[in-house]
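**Student:** this one's structure only:
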């Protein structure tokens, strides 16, 4: 009788605790990554074809459109866009960002006849993403060619077919060299809110080489450049009074500034004076107008030097991508 009671008691305890342990165990399991949206899946085979994906790129230096397998093409993009000396995790982050950028352009039918001659992308970094052939990369790397090429290929292969998605759709994975200490909201640079392109702290960029730069112009040179764009600008005798009403973004960039009474966008001033970024101050110093500039690039999305420093601190490529692109997931197609 006692043994029967003991069996019943043990059985009751097992019935009670087993569900608890099962729930606890599976509750601590990592959650599956976001799935690709049904809309994306429906359209991808039509626009991307079947794996291995092939893409057309306008090779600017050769003035012709060529077709490549995407993963092979990415070796040329990563090698051209990021120093091969960067940590493996930074190179992987670059590979996934570049792959996502290209796929997002194809899915959005961004092939531009005037810039690409009908191809999905081009090799002009000012318009799309830089790219170099294996021969060009190896020539630039010299004695490090074999080692560097293997490192880049490994980064691409390790992330094969992985893309960054927001709500199941591939993002516009923009990137640049280094921020001015914080990244920029897309809306502050290009207009239009993009939920995953939000300003985040990136103070470690300040350790990058050439984080600070200067550009100086004589008073006459400066006025000539401004008057070419804005003939109505008025310059008084005191150069310190030529500048007013500078409005800064959350990321620290100049959104707008009045020069000679005319308002300019900070991004326009960057272009006009060939500055490294639109995160700048400007003032007369002696007999010249001096721009003091922080960072390099538009400042939206992934900072390449920031990626390096995060990788150096032990962060994975997925950590890096999720840090710079807000609310995203990395998924395999």
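**Tutor:** Done, it's in. Model, not experiment: these values are computed from the prediction.

**Student:** got phi/psi on the residue nearest in space to the middle of the chain?
**Tutor:** For the chain, the residue sitting closest to the mean C-alpha position, by CA atoms, centre = their mean, is residue 175 at 2.1 Å. Backbone geometry at residue 175, expressed as degrees, to the nearest 10, gives phi -150, psi 170.

**Student:** hang on, isn't it packed against residue 303?
**Tutor:** Yes: shown here, residue 175 and residue 303 form a contact pair, counting by CB atoms under 8 Å, at 7.3 Å. Backbone N, C-alpha and C define where each C-beta goes, glycine included.

**Student:** quickly list what's touching both of the two.
**Tutor:** Residues touching both residue 175 and residue 303 by CB atoms under 8 Å, 6 or more residues apart in numbering: residue 324.

**Student:** could I get the full set of helices for the stretch 101-250 of the chain?
**Tutor:** Assigned by DSSP state H, counting those that start in this stretch, the helices in the stretch 101-250 of the chain fall at 113-116, 134-141, 145-158, 186-189, 219-229.

**Student:** return the set of buried residues in the third one.
**Tutor:** Meaning helix 145-158. 145, 148, 149, 151, 152, 153, 155, 156 (16 or more other CB atoms under 10 Å).

**Student:** including distance to residue 198, could those go into JSON lines?
**Tutor:** Listed next are the buried residues of helix 145-158 as JSON lines, based on distance: CB to CB, whole Å:
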{"residue": "145", "distance to residue 198": "39"}
{"residue": "148", "distance to residue 198": "33"}
{"residue": "149", "distance to residue 198": "35"}
{"residue": "151", "distance to residue 198": "31"}
{"residue": "152", "distance to residue 198": "29"}
{"residue": "153", "distance to residue 198": "33"}
{"residue": "155", "distance to residue 198": "26"}
{"residue": "156", "distance to residue 198": "28"}
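
**Student:** pick out whichever of those sits closest to residue 46.
**Tutor:** residue 156 (25.0 Å; CB to CB).

**Student:** neighbours around the residue nearest to residue 179 when sequence neighbours are not counted, how many?
**Tutor:** Among residues not flanking residue 179 along the chain, residue 202 sits closest, at 4.4 Å (CB to CB, 6 or more residues apart in numbering). By the criterion of other CB atoms under 10 Å, residue 202 has 25 neighbours.

**Student:** and what of residue 69?
**Tutor:** For residue 69, using other CB under 10 Å, the count is 12.

**Student:** contacting residues for it?
**Tutor:** Going by CB under 8 Å, 6+ apart, the list of residues near residue 69 reads 52, 53, 54.

**Student:** just the buried residues of those residues.
**Tutor:** Counted by 16+ other CB under 10 Å, the contacts of residue 69 give residue 53 as buried.

**Student:** among the contacts of residue 69, which ones are in strands?
**Tutor:** residue 54 (DSSP state E).

**Student:** how close does the residue nearest to residue 179 get to residue 208?
**Tutor:** Residue 202 sits 10 Å away from residue 208, taking CB to CB, to the nearest Å as the criterion.

**Student:** flag the shaky bits of the stretch 201-333 of the chain, pLDDT-wise.
**Tutor:** Within the stretch 201-333 of the chain, no stretch has pLDDT under 70.

**Student:** which stretches of it form strands?
**Tutor:** Here the stretch 201-333 of the chain has its strands, by DSSP state E, counting those that start in this stretch, at 212-218, 243-248, 254-259, 262-265, 280-285, 288-294, 302-303, 329-332.

**Student:** save those strands as a markdown table, and put in distance to residue 315 too.
**Tutor:** Shown next, in a markdown table, are the strands of the stretch 201-333 of the chain (distance: least, CB to CB, whole Å):
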| stretch | distance to residue 315 |
| --- | --- |
| strand 212-218 | 25 |
| strand 243-248 | 29 |
| strand 254-259 | 30 |
| strand 262-265 | 34 |
| strand 280-285 | 29 |
| strand 288-294 | 23 |
| strand 302-303 | 13 |
| strand 329-332 | 13 |
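
**Student:** ok, which of those strands comes nearest residue 118?
**Tutor:** Per CB to CB, nearest to residue 118 of those: strand 302-303, 28.2 Å.

**Student:** give the pairing partners of the closest one; include direction for each.
**Tutor:** strand 175-176 (parallel) (DSSP bridges).

**Student:** in contact with residue 140, which residues?
**Tutor:** Contacts of residue 140 (CB under 8 Å, 6+ apart): residue 132.

**Student:** look up how far residue 150 lies from it.
**Tutor:** Where residue 150 is concerned, residue 140 sits at a distance of 16 Å (CB to CB).

**Student:** and the buried residues of helix 145-158, which is closest to residue 216?
**Tutor:** residue 148 (36.3 Å).
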